[in-house]
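Peer 1: the sequence and its predicted three-dimensional model are supplied below.
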Amino acid sequence: MPVNKKAYGQFIADLGSHHVTLVAVSKTKSVEEIKELYDLGQKDFGENYVQELVEKQSQLPKDIRWHFIGHLQSNKVKRISTFIYLIQSVDSLKLLQEINKQAEKNNRVIDCLLQMHIAQEETKFGLDERELFELLNNIGGFANVRICGLMGMASFTDDMDKVRNEFRYLKNTFDKYAELPIANCPLTILSMGMSSDYSIATEEGSNMVRIGSLIFGVRN
């Protein structure tokens, strides 16, 4: 399926005017489809699965900024550690330790977002606020990771008031911790909002959205 160029152009115009970064979610999409969007100027792409990401990265331009947005297992960090631009889904101290280890081996500093659990769904991964506080207080010795912000996914529901409240909670949490002087934590990125709820997310303060189906069409 060809990229929806009209929708993409509108996203770039609308989001750019609000200083919101668009991450094009390209999971299950072909190298050809990604290249088509890249040729329109898109550089930030989000993937959910390590194997798929590694295969695509090897075939596409090296200046693509790859974001890992799915649940990441510690034993797979090594495979993406040489090229990943931003890991958006850090949900445990164990995972952060492994990212730091692999980044050190590659003489890199890997940027990360801490994933918060804001949805009232047990299937979603992420930290609660107590876990967030504990993690931020235990990263002082990690020289090869940089915590750049928070990420969250709202409930999958038609109740937009519920979605708005979840995003508002995450923005308030982000603001609170962004004011704290924590080493390796220049909190500047708030990644929330997908195809179904990005407009609400941006209204509530998101500066990075992850959009797939509205650009690429329904996934295979």
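Peer 2: Done, it's in.

Peer 1: low-confidence stretches in the protein?
Peer 2: 1, 121-124, 219-220 (pLDDT under 70).

Peer 1: from Pro2, how far off is the residue nearest to the spatial centre of the chain?
Peer 2: The centroid of the chain falls nearest to Gln88 when counting by C-alpha atoms, centre = their mean (3.6 Å). Distance of Gln88 to Pro2, given as C-beta to C-beta, to the nearest Å: 27 Å. To be clear about C-beta, it is placed using only N, CA and C from the backbone, and glycine gets the same treatment.

Peer 1: Gly46 too?
Peer 2: Distance from Gly46 to Pro2, by C-beta to C-beta: 20 Å.

Peer 1: now the helices: where do they sit in the chain?
Peer 2: Listed in chain order, the helices of the chain (DSSP state H) span 5-17, 31-38, 50-59, 77-80, 93-105, 129-136, 160-178, 198-203, 213-216.

Peer 1: what's the closest of those to Ile118?
Peer 2: Minimum separation from Ile118 across those (C-beta to C-beta) falls at helix 160-178, 4.4 Å.

Peer 1: among the helices of the chain, which is nearest Leu190?
Peer 2: The nearest among the helices of the chain, by C-beta to C-beta, is helix 160-178 at 4.9 Å.

Peer 1: which residues touch that closest one?
Peer 2: 116, 118-120, 129, 132, 136, 149-150, 152, 154-155, 157, 185, 187-188, 190, 192-193, 197, 200-201, 203-206 (C-beta atoms under 8 Å, 6 or more residues apart in numbering).

Peer 1: okay, the angle between that helix and helix 129-136?
Peer 2: Angle between the axes of helix 160-178 and helix 129-136 is 30 degrees (criterion: axes from the mean of the first three to the mean of the last three C-alpha atoms, to 10 degrees).

Peer 1: before I go, just wanted to say thanks for your time.
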